[in-house]
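*Asks:* using only what follows, build the 3D model:
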Amino acid sequence: MTDDRPDFSLEELRREGLLEPVPEIPGHDGSGRVELAFTVGSAGGTTSPRAVRVPPGVSVFDAASWNGIAIDSTCGGHGTCRKCRVRVEAAVPVTRHDERTFTPAELSEGWRLACLVAATRDLAVDVPPLTTRPKAATVGVGRQVILRPAVQKRYVELAEPTLADQRTDVVRLLAAIDDLELTCDLAVLRRLPTVLREADFKVTAVVVDEALVDVEPGDTTGSRYGLAVDLGTTTVVATLLDLDTGTPLAVSSMLNRQQPFGGDVITRISATMLDPEALGRLQRAAAETLAELAAEVCAEAGVDPGRVYEVALAGNATMTALALGIDPEPLGVAPFVMSTASFPTVLAADLGLVVHPRARATVFPSLGAYVGGDIVAGMLATGMDRDKRTRLMIDVGTNCEIVLSDGDRIVATAAPAGPAFEGGAIRCGMRADDGAIEVVRLHPAAADQPAGPVELGVIGHVEPRGLCGSGLVDAVSELVRVGLLDPSGRFVPEEVAAQEAPALADRLTRVGEERVFVLHRPSPDTPVAECVYLSQRDVRELQFAKAAISTGWTLLLEELGLTADDVQQVLLAGSFGSYLSPAAAVRIGLVPSLPVLRIVSAGNVAGEGAKMVLLSLRERAGADTLLEEVTYVELSDRADFNDRFVEQLAF
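*Replies:* Now for the predicted structure:
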C-alpha cells in the first residue's frame with residue numbers, strides 16, 4: 001500500500017516557525033468533567049452554540065454524538081474515513097491521520113479529526129455544517145394499482161338512544177357499519193360517548209384493516225392520508241399520499257440522523273455491541289428523522305398530521321431493527337440471523353411519528369439479514385414476480401442487493417460493496433451535495449473542446465469541493481476509456497500518458513508517494529494536495545466495490561443456469577443508481593455488457609413499493625407472497641467467492 005502522506009515534516013515546520021509548538025498537556029486523573037463548547041455551523045451560514053460536559057478522556061466525536069451533535073462520519077468514529085473534521089480552538093496533539101488529512105496551514109489553524117481528539121480539558125470546537133439534504137431519488141419505477149387502501153372512512157347518522165333503545169354506543173355504531181367486522185380500540189371507547197353526543201350522533205368512523213381507530217364529528221370522509229417511508233441507511237425519503245385519490249401530495253428527504261454512528265450497517269451494529277446505550281440512541285435518531293420528515297410533508301401539503309392514519313416503512317433489516325428498538329447484533333455476526341422475517345403491525349407512534357395517535361405502521365418483511373424490506377418493496381414496485389423477461393435489479397450502495405428473475409424463478413443476494421459509492425474511503429469523496437462532482441468527461445486531445453480537457457458536472461453549479469459516487473464511477477470509466485488507467489486499475493506511466501492523452505498527461509501527478517489524477521485545480525498555483533483529485537487508492541476502492549457486485553450477479557446467473565447474454569434488462573435502483581451513467585457502469589464491468597437502452601435507472605423503487613401497499617391491500621399481500629417466491633443465496637459461505645472476486649477486479 002502506498003503512503004499518501006503530504007511532502008512535509010511537522011518537526012521541520014515547527015523549527016522554521018511555520019507551526020506553533022504543541023504544549024505539554026497535563027494528564028487527568030479520570031475524575032470530574034470537562035466542558036466542550038461546540039459551535040455548529042449550518043448550510044445557511046448561521047451558527048448554533050452548545051456546551052456539554054463529559055468525562056475526561058472521551059473523544060470529541062463521541063462527546064458530540066452522545067449529546068445529539070452531528071459530526072460527519074462514515075466509519076462511526078474509528079479514524080478511517082477522515083470526514084469528522086472540526087476546528088479546535090486550543091493546541092492539541094497532531095496524529096498521523098491528521099497529518100495525512102490536513103495541510104500545514106489547516107493544522108496550524110486547529111483542524112483535527114474529531115474522533116482522534118481526546119477531551120482532556122475544556123475545549124472550544126467549531127463543527128462545519130453537515131449535509132442534511134443530500135441529493136436523492138424521491139420517485140422511481142412503479143406500477144398502477146387498484147385503489148383499495150386499508151384506511152376506510154364511513155359517515156353514519158345514528159338514531160339517538162331512548163328508553164326503548166338502550167343499545168350501547170359501540171353496538172349502535174357497529175350496527176350501522178354491518179359489512180365490516182370491527183374491533184374497537186380502548187382509546188376510541190374513551191372518546192366515543194362525548195363525540196357522539198357533541199356531534200348529534202352524526203360521525204365518521206375511521207377504520208384501518210379490522211380496527212376502529214377513531215370516531216370523528218361530522219363528515220370527514222374526504223380526508224384520509226398515508227405516509228410512505230423509504231428508511232435508507234444514508235437517506236430517508238417520505239411521501240404523503242391522499243388515500244382518496246392515490247395522489248402524492250408532498251415528498252421530502254434528509255440524511256438519516258444515525259449517520260454519526262457510521263455510514264454503513266456494520267458500523268452501526270458494532271456501535272450497539274460496544275456501547276449498551278447505543279441502541280437507544282440509534283432508535284431515537286431514527287425516530288427524530290421520521291418525525292421531522294412527517295412534519296415537513298404535512299406542512300407542505302397543508303394536511304393536519306392527525307389525519308394521517310397509516311404508515312408504510314421500507315428499510316433494510318438493520319435499519320428496520322434499529323427503528324423498532326430490536327437488538328441488531330445477530331445480523332452482524334455469523335450465521336446472520338434475523339429476529340423475524342415478518343413484523344407485526346405496530347403503532348406509528350412506536351416509530352416516533354407524530355401523526356394520528358392510533359395510526360398503524362406496516363413494516364415490509366425481509367428476505368434475509370442483508371436483503372431487507374426495501375428490496376422486497378423494490379421487487380413489488382418493479383413487478384419482478386410478474387415479468388417473463390430475464391431481469392436483473394441492482395440496488396447499488398454500501399451493501400449492494402441484487403435480484404435476478406428468469407420469469408419463473410427469483411433469486412436474491414447481497415454483496416459487500418463498501419462505502420465508496422457514498423463517497424466514503426475516497427480521498428476527496430463527499431455525499432451528493434452542492435459542490436460534488438457528479439459527471440466527468442475527459443477529452444484527451446482538447447484542441448477543439450471549449451470546455452477544456454476536463455469537463456465536470458457539479459451539483460449546484462458551484463465550485464467543486466469533492467467527488468460523489470456517480471462522479472467517482474464516471475472519472476474511473478473515463479480514465480479507462482482514454483487509456484490513463486490500464487485494465488488492472490493502475491495509472492499508466494508518464495510517458496504512456498503523454499502519448500495516449502497529451503492534453504491530460506500533466507494532471508497525472510503525485511501527492512506524497514501516491515499517484516493521483518487532478519480533476520479540479522482552483523488556481524494554477526494551488527498545491528495538488530488542496531485540489532480535487534482521484535488517487536490510486538480511490539481507484540482500488542472502486543475496483544473492490546465493483547468486483548463484489550459483479551461477482552454477486554455472476555453467481556446468481558449461475559444459480560439459474562444463465563449467462564450475462566441472457567439478461568434482457570438491468571434495473572439500477574436507489575438514489576445512487578438513479579444518477580449512475582449506464583455507459584460508465586458497463587465500461588467498468590459493474591453491470592453486464594448490454595446496450596445502454598436496456599439499462600434502466602429505476603430510482604427510488606423502495607419508496608414506490610411503500611406507496612403501493614398504502615394504496616392497495618392486494619399489493620400488501622403481494623409483498624408477503626414474495627417471501628415464499630424468492631430464494632435467498634448467501635455468498636459468504638461460497639467456497640469459490642474469493643476466486644470469482646479476483647476474476648472480476650479487472651476493468
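
*Asks:* then Asp434 would be within a strand, right?
*Replies:* No: assessed with DSSP: H, G, I helix; E, B strand; the rest coil, Asp434 is coil; it does not lie in a strand.

*Asks:* buried set for stretch 141-151?
*Replies:* Val141, Gly142, Val145, Pro149, Ala150, Val151 (16 or more other CB atoms under 10 Å). Quick note: C-beta positions are derived from backbone N, CA and C, even for glycine.

*Asks:* what is the nearest of these to Pro330?
*Replies:* Distances from Pro330 to the buried residues of stretch 141-151, taken as CB to CB, are shortest for Ala150 (31.0 Å).

*Asks:* in contact with Leu585, which residues?
*Replies:* That one is not Leu; residue 585 is Ala. Val473, Ser477, Leu572, Val591, Ile599 (CB atoms under 8 Å, 6 or more residues apart in numbering).

*Asks:* want to throw these into a markdown table with pLDDT and secondary structure?
*Replies:* Shown next, in a markdown table, are those (pLDDT from 0 to 100; DSSP: H, G, I helix; E, B strand; the rest coil):
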| residue | pLDDT | secondary structure |
| --- | --- | --- |
| Val473 | 94 | helix |
| Ser477 | 95 | helix |
| Leu572 | 93 | strand |
| Val591 | 94 | coil |
| Ile599 | 93 | strand |
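
*Asks:* from those residues, which two are the most distant?
*Replies:* Greatest spatial distance in the contacts of Ala585: Ser477 and Leu572, 14.4 Å, computed using CB to CB.

*Asks:* which stretches in the stretch 101-250 of the chain count as strands?
*Replies:* Ranges of strands in the stretch 101-250 of the chain, per DSSP state E, counting those that start in this stretch, are 111-113, 123-127, 151-157, 183-184, 202-208, 211-217, 225-231, 235-242, 247-255.

*Asks:* check the ones you listed for me and report the most buried one.
*Replies:* Greatest average neighbour count among these goes to strand 225-231 (a mean of 29), per mean count of other CB atoms under 10 Å.

*Asks:* give me the sheet partners of that strand and which way each runs.
*Replies:* With DSSP bridges as the test, strand 225-231 is paired with strand 235-242 (antiparallel), strand 308-315 (parallel).

*Asks:* residue contacts, the closest residue to Ser223 other than its chain neighbours?
*Replies:* Nearest-residue entry for Ser223: Arg307, 5.1 Å, with adjacent residues in sequence omitted and distances by CB to CB, 6 or more residues apart in numbering. For Arg307, the contacting residues are Thr220, Ser223, Arg224, Tyr225, His356, by CB under 8 Å, 6+ apart.

*Asks:* what do you get for Arg391?
*Replies:* Arg391 sits in contact with Thr382, Met384, Leu404, Ser405, Val567, Gln568, Gln569, Val570, Leu571, where contact means CB under 8 Å, 6+ apart.

*Asks:* one more pass at 10 Å, please.
*Replies:* 382-384, 403-407, 410, 567-571, 598, 600 (CB atoms under 10 Å, 6 or more residues apart in numbering).

*Asks:* in helices only, show me the residues you listed.
*Replies:* Counting by DSSP state H, the part of the contacts of Arg391 found in helices is Thr382.

*Asks:* using PDB, write down the CA coordinates of stretch 281-295.
*Replies:* Output in PDB follows, covering the C-alpha atoms of stretch 281-295 (Å, rounded to 0.1, in the frame of the first residue of the first chain):
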ATOM      1  CA  ARG A 281     -29.600   6.500  20.800                       C
ATOM      2  CA  LEU A 282     -29.900   4.900  17.400                       C
ATOM      3  CA  GLN A 283     -33.600   4.300  17.800                       C
ATOM      4  CA  ARG A 284     -34.100   7.900  18.900                       C
ATOM      5  CA  ALA A 285     -32.100   9.200  15.900                       C
ATOM      6  CA  ALA A 286     -34.300   7.200  13.600                       C
ATOM      7  CA  ALA A 287     -37.500   8.500  15.400                       C
ATOM      8  CA  GLU A 288     -36.300  12.100  15.100                       C
ATOM      9  CA  THR A 289     -35.600  11.700  11.400                       C
ATOM     10  CA  LEU A 290     -39.000  10.200  10.700                       C
ATOM     11  CA  ALA A 291     -40.800  12.800  12.900                       C
ATOM     12  CA  GLU A 292     -39.100  15.700  11.100                       C
ATOM     13  CA  LEU A 293     -39.900  14.300   7.600                       C
ATOM     14  CA  ALA A 294     -43.600  13.600   8.600                       C
ATOM     15  CA  ALA A 295     -43.900  17.200   9.900                       C
END
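
*Asks:* and it, how far out from the chain middle?
*Replies:* Distance, stretch centre to chain centre, for stretch 281-295: 14 Å (CA atoms, centre = their mean, to the nearest Å).

*Asks:* so Val511 is in contact with Ala529, correct?
*Replies:* Yes: proximity of Val511 to Ala529 meets the contact threshold set by CB atoms under 10 Å, at 5.2 Å.

*Asks:* more crowded one of the two?
*Replies:* The neighbour count for Val511 versus Ala529, taken as other CB atoms under 10 Å, is higher for Val511 (23 against 20).

*Asks:* partner residues bridging the more buried one?
*Replies:* Here Val511, judged by DSSP bridges, has bridge partners Glu514.

*Asks:* Gly429 too?
*Replies:* Applying DSSP bridges, one finds that Gly429 bridges with Leu467.

*Asks:* circling back to that earlier point, which of the contacts of Arg307 sits closest to Val439?
*Replies:* Tyr225 (37.6 Å).

*Asks:* now that closest one: closest residue in space, sequence neighbours ignored.
*Replies:* Val308 (4.7 Å).

*Asks:* isn't that neighbour up against Asp214?
*Replies:* No: if you go by CB under 10 Å, Val308 and Asp214 don't touch, sitting 11.8 Å apart.

*Asks:* give me the common contacts of these two.
*Replies:* His356, Ala359.

*Asks:* now Phe343: how far from Gly368?
*Replies:* Distance of Phe343 to Gly368, given as CB to CB, to the nearest Å: 15 Å.

*Asks:* again with Leu467
*Replies:* From Leu467 over to Gly368 (counting by CB to CB), the distance is 32 Å.

*Asks:* and these two? which has more neighbours close in?
*Replies:* The residue with more neighbours, out of Leu467 and Gly368, is Leu467; 28 against 21, by other CB under 10 Å.
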